[in-house]
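Participant: please find the sequence and the predicted model below.
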Amino acid sequence: MAEKIIKAIQYFSYGGGPSALKHVEIPVPVPKKDEVLLRVKATSINPFDWKMQKGMLRPFLPLRFPKVPLSDVAGEVVETGPEVKNLKAGDKVVAMLSIFGSGGGLAEYAVASEKLTVSRPPEVSAADGAGLPVAGLTAHQALTQSAGVKLDASGPRSNILITAASGGVGLYAVQLAKLGNTHVTATCGARNIKLVKSLGADEVLDYKTPDGAALKSPSGQKYDAVIHCASGIPWSTFEPQLSSKGKVIDITPGSDTMWRFLSGKITFSGKRIVPLVLIPKGENLAYLVKLVKEGKLKTVVDSKYPLSKAKDAWAKSIDGHATGKIIVEP
Ligand SMILES: NC(=O)c1ccc[n+]([C@@H]2O[C@H](COP(=O)([O-])OP(=O)(O)OC[C@H]3O[C@@H](n4cnc5c(N)ncnc54)[C@H](OP(=O)(O)O)[C@@H]3O)[C@@H](O)[C@H]2O)c1
């Protein structure tokens, strides 16, 4: 490849928010033997990215500085390591980059492991693909592994509640849940009710109303599983709305969830709350890309920014009111 120096965004220590993101020129990253070098066409922000910068995950995931943030990318392969078997220069792909390294997606080029890089057909735009990795895989894992929903609709009927259904994870979760044999109740703000319904939710609650805050199904459903994408809702609010063996899958587990989970605390009838940590798998990412290609799953794009406006994109994600995915196009 011709370029040796590329444009990127880095931060150099914990904290500082958007203003700590610096525009830099760095050497093009070099792929290891099982990695590919990608020309990044689009990358998406997850709350995880700025939580890492804040140092919220420091005890489990200490960072190496300087750090180029973002893990979710879509782009084109320009070089392959010697052990890469199934990808070649010119392939269009979606990838989830390592969260442990110092390289990330807010750059013109990035390296990705072959096992978390999947083909992107022409029907899937770079922005739509870049939205998928963390948010789509989390929604997929929560529904299929934690809640036991079969996405070919072959499972028993189940009632699912999805909180913060207008967010990155929630919008994928609503659509994936409706591929299964489910009744879906969702919560979001008033401005997004129409959108969430249009993507398949059977009933939608405005979380700022009393019934919404109480997570009370308008049609009287009790939930077999809650894909909990919001935060700050206590167990005492969930408990009366769960079916006898209902389970809350908490994707932002705080100390209360961890304590309840680790102490094996379940109610007499078996209601419980479990934390979820994403374990990304290439085969599941390929499945999500296929669903987008077939028109069965949509990436809702909140907003798009060029690399020069990455700080604005970062601030927008921290603000917590995105509808769907925030995309940066280097
Ligand atoms: N465990 C894991 O591995 C994992 C993986 C991915 C994500 N996560 C976590 O999951 C959470 C959600 O991620 P995300 O990407 O979906 O976030 P996001 O896109 O930033 O979510 C923003 C959306 O949430 C809505 N919202 C906020 N509070 C709400 C509430 N109480 N009730 C209903 N809607 C609410 C907002 O609506 P309004 O604008 O109307 O307020 C907004 O549309 C984050 O904390 C993230 O760190 C964890």
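Facilitator: Okay, I see it. Numbering: from 1, shown residues only.
Participant: most residues in a single helix of this structure, which one?
Facilitator: In the chain, assigned by DSSP state H, the helix with the most residues is helix 282-293.
Participant: what mean pLDDT does that one have?
Facilitator: The average pLDDT for helix 282-293 rounds to 98.
Participant: for it, packing partners?
Facilitator: Applying 3 or more C-beta pairs under 8 Å, 6 or more residues apart in numbering; DSSP states H and E, one finds that helix 282-293 makes contact with strand 92-96, strand 117-119, helix 126-130, helix 133-141. In short, each C-beta sits where N, CA and C put it, glycine included.
Participant: now with 10 Å?
Facilitator: Contacts of helix 282-293 with other secondary structure elements, assessed using 3 or more C-beta pairs under 10 Å, 6 or more residues apart in numbering; DSSP states H and E, are made with strand 92-96, strand 117-119, helix 126-130, helix 133-141, helix 168-177.
Participant: who's in contact with the third one?
Facilitator: This means helix 126-130. Residues outside helix 126-130 that contact it (C-beta atoms under 10 Å, 6 or more residues apart in numbering): 40-45, 70, 72-76, 92-95, 105, 118-121, 124, 136, 285, 288-289, 292-293, 297-301, 304, 325, 327-329.
Participant: about what we covered before: just say which of the helices and strands packed on helix 282-293 is most tucked in.
Facilitator: helix 168-177 (a mean of 29; mean count of other C-beta atoms under 10 Å).
Participant: distance from the chain centre to that helix, please.
Facilitator: Taking C-alpha atoms, centre = their mean, to the nearest Å, the mean C-alpha location of helix 168-177 is offset from the chain mean by 10 Å.
Participant: packing partners of it?
Facilitator: Contacts of helix 168-177 with other secondary structure elements, assessed using 3+ C-beta pairs under 10 Å, 6+ apart, are made with helix 133-141, strand 158-163, strand 182-188, helix 193-198, strand 223-228, helix 282-293, strand 325-329.
Participant: switch to 8 Å and redo it
Facilitator: Judged by 3+ C-beta pairs under 8 Å, 6+ apart, helix 168-177 is in contact with helix 133-141, strand 158-163, strand 182-188, helix 193-198, strand 223-228.
Participant: now mean pLDDT and distance to the ligand too, for those, in JSON lines please.
Facilitator: What follows is the helices and strands packed on helix 168-177, written out as JSON lines (pLDDT from 0 to 100; distance: least, C-beta to the nearest ligand atom, whole Å):
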{"stretch": "helix 133-141", "mean pLDDT": "98", "distance to the ligand": "4"}
{"stretch": "strand 158-163", "mean pLDDT": "98", "distance to the ligand": "5"}
{"stretch": "strand 182-188", "mean pLDDT": "98", "distance to the ligand": "4"}
{"stretch": "helix 193-198", "mean pLDDT": "98", "distance to the ligand": "10"}
{"stretch": "strand 223-228", "mean pLDDT": "98", "distance to the ligand": "9"}
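Participant: what does the stretch 51-200 of the chain have sitting close to the ligand?
Facilitator: Of all the residues in the stretch 51-200 of the chain, those in contact range of the ligand (C-beta under 6 Å from any ligand atom) are 51, 134-135, 138, 163-164, 166-170, 187-189.
Participant: swap in 8 Å and give it another go.
Facilitator: By the rule C-beta under 8 Å from any ligand atom, the part of the stretch 51-200 of the chain lying against the ligand is 51, 134-135, 138, 163-171, 187-192.
Participant: swap in the stretch 201-330 of the chain?
Facilitator: Among all residues of the stretch 201-330 of the chain, those adjacent to the ligand (criterion: C-beta under 8 Å from any ligand atom) are 207, 212, 229-233, 251-253, 275-278, 302, 317, 320-326.
Participant: from those, which land in helices?
Facilitator: Restricting these to those inside helices, with DSSP H as the criterion, leaves 212, 317.
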